[in-house]
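K.L.:
When you get a sec, could you give me coordinates for this:
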Amino acid sequence: MNSEKKLFTFQEIKLKLANYCVYQDRCHAEVEQKMREFVLIPEAKEEILLFLMKENYLNEERFTRSYIRGKFYIKSWGKTKIKMHLKQKGITEKLISTCFDEIDENDYLNIINKIYENYESKLKGLQNYQKKSKTIKYLLSRGFEYDSILQVIEN
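P.N.:
Numbers count the residues shown, from 1 in each chain. Model prediction:
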């Protein structure tokens, strides 16, 4: 097994990383992870990061906003789960909070309601309180807040 890394020029690496960011919004941590595939001195890594930010290939706020939209509107994740995953990617609490305006509050409650009704209807042979309890647990596991869940159930 040959584990040698293929060598590229500085310009080729810069272009590869720019294309990596163009394909999909990325956060700093993902780009730094990708950089580890290449043999780079710290100064080169820094210069590439500065280039990517200056040319707007790498934009933490844009990444955070698109991540929140995708995980909510496509995967139906709750705010708690989204926040936890963003923190793992090294996104600051402040940035996460400012970007949560990407989720419309009515859409949020409607999704909770839809998942609630869908999941509860699949539970057969249980008492009502058991169905309610299991459904709440399920919604919590999807990252929705207990207060929001109760707000939906009580309406």
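
K.L.:
Quick check: the residue nearest the centre of the chain vs E30, distance?
P.N.:
Nearest to the centroid of the C-alpha atoms of the chain, with distances taken as CA atoms, centre = their mean, sits Y67, at 4.2 Å. Note on Y67: its distance to E30, by CB to CB, to the nearest Å, is 11 Å. In this view, the C-beta of every residue, glycine as well, is placed from N, C-alpha and C.

K.L.:
same deal with F63?
P.N.:
Shown here: F63 relative to E30, a distance of 8 Å by CB to CB.

K.L.:
so where is this protein shaky, pLDDT-wise?
P.N.:
Low-confidence segments of the chain, defined by pLDDT under 70, are located at 1-6.

K.L.:
so where do the helices sit in it?
P.N.:
Counting by DSSP state H, the chain forms helices over residues 10-23, 28-35, 42-54, 60-69, 79-88, 93-99, 105-122, 128-141, 146-154, given from the N-terminal end onward.

K.L.:
deepest of those helices, which one?
P.N.:
helix 60-69 (a mean of 18; mean count of other CB atoms under 10 Å).

K.L.:
And the contacts of that helix?
P.N.:
Residues outside helix 60-69 that contact it (CB atoms under 8 Å, 6 or more residues apart in numbering): 25-28, 82, 85-86, 89, 91, 95-96, 98-100, 102-103.

K.L.:
same thing but at 10 Å, please
P.N.:
Outside of helix 60-69, the residues within contact range by CB atoms under 10 Å, 6 or more residues apart in numbering are 21, 24-28, 30-31, 53, 56, 59, 77, 79, 82-83, 85-86, 89-92, 95-96, 98-103.
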